[in-house]
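Asker: pasting the structure only:
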């Protein structure tokens, strides 16, 4: 079974079309788990409308906790053997999911997407390329797009990751340090049609500070322990 985790923040317009796109793309038994990270629009109401017990689920966090906290809560709640993450802005294409599954079948434990052709504002593209270049140089893990939100994990790996701060960008690095096999697959990237991006140069500098912490933690791989996410969920739709 596949769990598809979608963290969202003020994405009310994308919930219904993303659900349809995911269900059209998935032939395997699956669940879709939307995680509302403190939206101030009607995102949670849209998730309620799409709720289908056992198939389309929802978690509502207690305020804006950040993407890492959203993923930690979702990883704890997900029921699938494989957990996908993708962004809620419709820029990721669910039709790429079979390519991730093929990499898992070949022995990977974590597969990270690579937005080789990007449809983002120039400032965001430049910030991402600088960031990824620094990550490759500092970590030695040869991923082109470590902070791509479109990823696939074996469930047991996802639940062992020490998620804190903004570590969601670095899950492949943490998995690699823990001895898991990490792969990469080129994904389709669509132009953003709704809402605003939450990434830019400000987050680039914060990301570099987190990178230093991840590299320090990676050198102590034997000490890496999962971080519990209890207490973050305000409401749950099963």
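Answerer: Looks like it arrived, so ask away. These figures come from a predicted structure and were not determined experimentally. Residues are numbered from 1 along each chain as shown.

Asker: those strands in the chain, which residues are they?
Answerer: Assigned by DSSP state E, the chain shows strands spanning 2-8, 30-36, 56-61, 82-85, 110-114, 151-154, 182-186, 233-237.

Asker: Compile those strands into TSV and extend it with columns for distance to residue 71 and mean pLDDT.
Answerer: No exception for glycine: its C-beta is placed from N, CA and C like everyone else's. Shown next, in TSV, are these (distance: least, Cβ to Cβ, whole Å; pLDDT from 0 to 100):
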stretch	distance to residue 71	mean pLDDT
strand 2-8	6	98
strand 30-36	8	98
strand 56-61	11	97
strand 82-85	6	98
strand 110-114	13	98
strand 151-154	10	98
strand 182-186	17	97
strand 233-237	13	94
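
Asker: Can you say which of those is nearest to residue 192?
Answerer: With Cβ to Cβ, the closest approach to residue 192 among the strands of the chain belongs to strand 2-8: 13.7 Å.

Asker: Adjacent strands (with direction) for the closest one?
Answerer: Strand 2-8 pairs in its sheet with strand 30-36 (parallel), strand 82-85 (parallel), by DSSP bridges.

Asker: what's the spacing between that strand and its chain's center?
Answerer: Taking Cα atoms, centre = their mean, to the nearest Å, one finds the center of strand 2-8 at 8 Å from the center of the full chain.

Asker: what's the angle between it and strand 56-61?
Answerer: Orientation of strand 2-8 against strand 56-61 (axes from the mean of the first three to the mean of the last three Cα atoms, to 10 degrees) gives an angle of 40 degrees.

Asker: ok, residues contacting strand 2-8?
Answerer: 14-15, 18, 22, 26, 28-37, 39, 43, 47, 67, 70-71, 74-75, 78-88, 94, 97, 155 (Cβ atoms under 8 Å, 6 or more residues apart in numbering).

Asker: Low-confidence regions, this protein specifically.
Answerer: 194-206, 218-231 (pLDDT under 70).

Asker: redo that, cut-off 50
Answerer: Applying pLDDT under 50 to the chain flags residues 200, 230-231.

Asker: quick one on the thing from earlier: export the strands of the chain to CSV and append columns for mean neighbour count.
Answerer: Compiled in CSV, the strands of the chain are given as follows (neighbours: other Cβ atoms under 10 Å):
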stretch, mean neighbour count
strand 2-8, 26
strand 30-36, 25
strand 56-61, 23
strand 82-85, 26
strand 110-114, 25
strand 151-154, 26
strand 182-186, 19
strand 233-237, 15
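
Asker: quick revisit: will you turn the strands paired with strand 2-8 into TSV that also has distance to residue 236?
Answerer: Shown next, in TSV, are the strands paired with strand 2-8 (distance: least, Cβ to Cβ, whole Å):
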stretch	distance to residue 236
strand 30-36	10
strand 82-85	17
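
Asker: ok, now which ones touch the nearest residue to residue 45 once chain neighbours are set aside?
Answerer: In space, and not counting its chain neighbours, residue 45 is closest to residue 12: 7.5 Å by Cβ to Cβ, 6 or more residues apart in numbering. Applying Cβ under 8 Å, 6+ apart to residue 12 gives the contacts 39, 41-43, 45-46.

Asker: I'm done for today, thanks for sticking with me.
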